[in-house]
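[1] Compute the structure for the input listed below.
(one chain, ligands or ions: 1)
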Amino acid sequence: MQPQALSQHPMNGRGPMREDATPDRGIGNVKSDIPSQAGKVALITGGSSGIGLATTKILLEKGATVHVLDINPPPEEDIVNTALHYHHCNVAVWEDLRAAFDETGHIDYVFVNAGVLEEKDYFADETDAEGMLVEPGYRVLDVNLRAAINTVKLSWSRMRKQPAGRPYSIVLTVSVAAYVSDQNLPVYSGAKSALLGLIRSLRSVIIRDGITINGVAPGATLTNLVPAHMAEAITAQSPAAVSEPRFVGLALVYSAIAAQDREVETYGKDKDTDLWKRGRWNGRVILVLGKSYTELEEPTADLRPFWFGRENTAVLRRAYAATDLRPAQ
Ligand SMILES: NC(=O)c1ccc[n+]([C@@H]2O[C@H](COP(=O)([O-])OP(=O)(O)OC[C@H]3O[C@@H](n4cnc5c(N)ncnc54)[C@H](O)[C@@H]3O)[C@@H](O)[C@H]2O)c1
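    Okay, here's the model as predicted:
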């Protein structure tokens, strides 16, 4: 049974919250709204460490079977769980990723989570033997963007062939840097912003195949990704901005199974009244900042006439209606 999302809450993401608190904009009780997941199968990339490992543990606690795709194995104490299956996989290599998907059977949820930080200054001058500026390698794009798109592609391809009528979900680990860019991480911020574009473009299409697509945008989370000196600086100056991996993991699992009172927005030929359809949590992104959860996509869509312009919004809506090729429902 799907957990029922709660209606609006006056906290509106302004105060700290417990895992079982009721945050704003229809996010239910993130902890208590996660029912047993016995019989469900999840696949998670980057599930051996940090946020991915915390998510893996929550899913295992709830009775799901979990396939972890990672270049590194999970900690030994977790591997003993017979419901955890580790697949050595470099997500940036298509053949690796496709082979790992082929090793799994039926999948209900996919968590697109593997990620790396910007490993160098992409805009520093680096020259070859002739003194010519060289093109940087793009590991941060390969892992955070190209591999994420490929993971969505393999998931969609698999899920649309599986029996219809079951709730399938894809959840991407985005970043706060997709909404508020980090000047130290321009290419990482760009890659994570692109994931938002992917979610926004696919949410009105992929749902037609019974699949939801959502994101979670963590702020600073204490994992191996964040260098110790940065973690220390943020914890000292802005402790309210720092999250525990488990708190983020709960938002990821919640995003795969929750319900919503309305859609984020209508698209193309949709009728205005379609906005008020209840259904599965779809096209949303939960910002996780410290101990608070805030859903960001609904207000971003609702406020579009203000920031994009009322006339611009109306003109574009008509243009997108003209090119809406989805079959009528
Ligand atoms: N920690 C933060 O502050 C923070 C903030 C915002 C977003 N995120 C995002 O959260 C996600 C998880 O990061 P984390 O903080 O848990 O970091 P982490 O380093 O603890 O975990 C990342 C995992 O991804 C795996 N991985 C990396 N490259 C891979 C590859 N090519 N193929 C397969 N696996 C690979 C690593 O082995 C590791 O297990 C990432 O997408 C990251 O961008 C993290």
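[2] State the helix or strand in which the residue in the stretch 101-250 of the chain positioned nearest to the ligand lies.
    Ranked by CB to the nearest ligand atom, the top residue of the stretch 101-250 of the chain for proximity to the ligand is G115, at 2.2 Å. For glycine as for every other residue, the C-beta is placed from the backbone atoms N, C-alpha and C. Assessed by DSSP states H and E, G115 sits outside every helix and strand.
[3] My read is that it contacts T173, right?
    Yes: at 6.4 Å, G115 and T173 qualify as touching, with contact defined as CB atoms under 8 Å.
[4] hey, what's in contact with both of the two?
    Listed as contacting both G115 and T173 by CB atoms under 8 Å, 6 or more residues apart in numbering are G46.
[5] related to what we said a few turns ago, ok, now which ones touch the residue of the stretch 101-250 of the chain closest to the ligand?
    Listed by CB under 8 Å, 6+ apart, the contact set of G115 reads 46, 143-144, 173, 175, 225.
[6] A147 now?
    The contact partners of A147, by CB under 8 Å, 6+ apart, come to 45, 91-92, 97, 114.
[7] let's see it at 7 Å
    Contacts for A147 (CB atoms under 7 Å, 6 or more residues apart in numbering) come out as 91-92, 97, 114.
[8] Now for those residues: which two are most distant?
    L97 and A114 (9.8 Å; CB to CB).
[9] the more surrounded of those two?
    Taking other CB atoms under 10 Å, L97 and A114 do not tie; A114 has more neighbours (26 against 22).
[10] so who does that one touch?
    A114 neighbours (CB under 7 Å, 6+ apart): 45-46, 70, 91, 143, 147.
[11] Which ones among those also lie next to the ligand?
    Among these, the ones lying near the ligand by CB under 6 Å from any ligand atom are 45-46, 70, 91, 143.
[12] Whether the lengthiest strand in the chain contacts the ligand - can you check?
    Assignment by DSSP state E gives strand 211-218 as the longest strand of the chain. Yes: using CB under 6 Å from any ligand atom, strand 211-218 comes into contact with the ligand via P218.
[13] need the helices for the protein, in chain order.
    Using DSSP state H, the helices of the chain run over 50-61, 76-79, 94-103, 139-141, 147-159, 186-206, 228-237, 245-257, 297-302, 304-307, 310-322.
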